[in-house]
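Colleague: when you get a sec, could you give me coordinates for this:
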Amino acid sequence: MSLYMVKQYKAKLVPEMMEQAIKTIKTRFQKSLAAELDLRRVTAPLFVLSGTGINDDLNGVERPVSFPIKDMGERRAEVVHSLAKWKRMKLGAYGIAPGYGLYTDMNAIRADEELDNLHSIYVDQWDWERTVTAEQRNLDFLKEIVTKIYGVVRRMEREVYEIYPHITPILPETIRFIQSEDLLKMYPSLSPRERETEAARKYGAIFVIGIGGKLSDGKKHDGRAPDYDDWTTPSDGGYKGLNGDIILWNPVLESAFEVSSMGIRVDKTALLRQLELDGCPERADLEFHKALLEDRIPLSIGGGIGQSRLCMFLLRCAHIGEVQASIWPEEMVETCRKHNIYLK
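Modeller: Residues are numbered from 1 along each chain as shown. Predicted coordinates:
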């Protein structure tokens, strides 16, 4: 458990107004996102069957919350981490054409999260996925989609200002694209998180490209499971990776603030290559992986946008517990209370 305590912090809204603001943001943002990316809403599962390869493995080490199902011979199900692979299977099941997609109002449990200002064991996000063509699997198309999403975030910030004029907009007009390898060269003595903070401080909003593979120093900028985002396909300039994170400068916490992880998804070649690199080629026999290798699910781009994260940023909160109901250590609750931060 770690906390960043804001000096002389005071919430921008009283609790009753905070609840109304959260509802407004969630309702309006998803409508705007769906219109911008041509997405339709689908119902999300809370759990999936274990052993199918459908659940998101995140960094490959987090344990899913699981339970036996009595009427299915005690077969185990596990609460989702996210729906990165499930969504892609639904694109195929619904026959969604290139240029169109779907999104879900996803709720998940990540029991292994390290709790702090930004992280909770409860995760709520808009998980979205859109069918693409083989020709669209490139960096320019990725940047085009990122720019559209960032535009939706900026418009939502403006709408918050129109309702609550004391919460003034701070996001720059454009988002800056930076390769993770270049970020390493810019700040070679800093950790990946520290690099993000310095770049976010400088530009206001950044998209860090190429997350999951090893950089020139032999280390990864951050972990990514090998079977959804494509982090190995070569791109212009000798770089690798068709994925990344949208990161904003957070003036309340004085740090980088990730609101979305996203990317072009693996094709057959990238899947087999990344499974081999991560030392788990046997996963190719799982349900999801076989479907991809047998061309039963389409090529796609997708990601997740944190609902509580976005509300926290737009309402200038110091802790994610101000905008979501979860479970927190008593020590954290008491420490926050002493600094005028009241967790739900």
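Colleague: hang on, residue 251 packs against residue 170?
Modeller: Yes: Residue 251 is in contact with residue 170 according to C-beta atoms under 8 Å; the separation is 6.4 Å. The way it works is simple: take the backbone N, C-alpha and C, and place the C-beta from them, glycine included.
Colleague: same for the worst-scoring helix or strand of the chain on mean pLDDT, what does it pack against?
Modeller: Taking mean pLDDT, DSSP states H and E as the measure, the helix or strand of the chain with the lowest value is strand 47-49, at a mean of 89. Secondary-structure packing of strand 47-49 (3 or more C-beta pairs under 8 Å, 6 or more residues apart in numbering; DSSP states H and E): strand 75-79.
Colleague: can you show me the CA trace of the strand it packs on as PDB?
Modeller: As requested, C-alpha coordinates have been extracted for strand 75-79 and formatted as PDB (Å, rounded to 0.1, in the frame of the first residue of the first chain):
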ATOM      1  CA  ARG A  75     -16.000 -26.800 -13.300                       C
ATOM      2  CA  ARG A  76     -14.400 -23.500 -12.400                       C
ATOM      3  CA  ALA A  77     -15.200 -20.000 -13.500                       C
ATOM      4  CA  GLU A  78     -13.200 -16.900 -13.000                       C
ATOM      5  CA  VAL A  79     -14.100 -13.300 -12.600                       C
END
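Colleague: from the chain's centroid, how far away is that strand?
Modeller: A distance of 23 Å separates the C-alpha centroid of strand 75-79 from that of its chain, computed with C-alpha atoms, centre = their mean, to the nearest Å.
Colleague: just checking, what packs against the helix or strand where residue 201 lies?
Modeller: Assigning secondary structure by DSSP states H and E places residue 201 in helix 192-203. Counting by 3+ C-beta pairs under 8 Å, 6+ apart, the packing neighbours recorded for helix 192-203 are strand 176-179, helix 180-186, strand 205-209, strand 243-250, strand 255-264.
Colleague: for it, buried residues please.
Modeller: In terms of neighbour count (16 or more other C-beta atoms under 10 Å), helix 192-203 has its buried residues at 192, 195, 196, 197, 199, 200, 203.
Colleague: skipping adjacent residues, who's closest to residue 94 in space?
Modeller: Of all residues beyond its chain neighbours, the one nearest residue 94 is residue 102 (7.2 Å), with distances taken as C-beta to C-beta, 6 or more residues apart in numbering.
Colleague: which residues touch stretch 334-344?
Modeller: 3, 5-6, 9-11, 15, 318-319, 321-326, 328, 332-333 (C-beta atoms under 8 Å, 6 or more residues apart in numbering).
Colleague: show me how to select, in ChimeraX, the buried members of those.
Modeller: Selecting in ChimeraX just the buried members of the contacts of stretch 334-344, where the criterion is 16+ other C-beta under 10 Å, is done with this command:
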select :3,6,11,318,319,321,322,323,324,326,328,332
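Colleague: one step back: ok, which of the helices and strands packed on helix 192-203 comes nearest residue 226?
Modeller: Comparing the helices and strands packed on helix 192-203 by their distance to residue 226 (C-beta to C-beta), the top pick is strand 243-250, with 11.8 Å.
Colleague: what is the residue nearest to residue 94 paired to in the beta sheet?
Modeller: Residue 102 forms beta bridges with residue 40, residue 129, as assigned by DSSP bridges.
Colleague: can you pull the pLDDT of it?
Modeller: Residue 102 is assigned a predicted lDDT (pLDDT) of 98.
Colleague: kindly report the same for residue 94.
Modeller: Residue-level pLDDT assigned to residue 94 equals 95.
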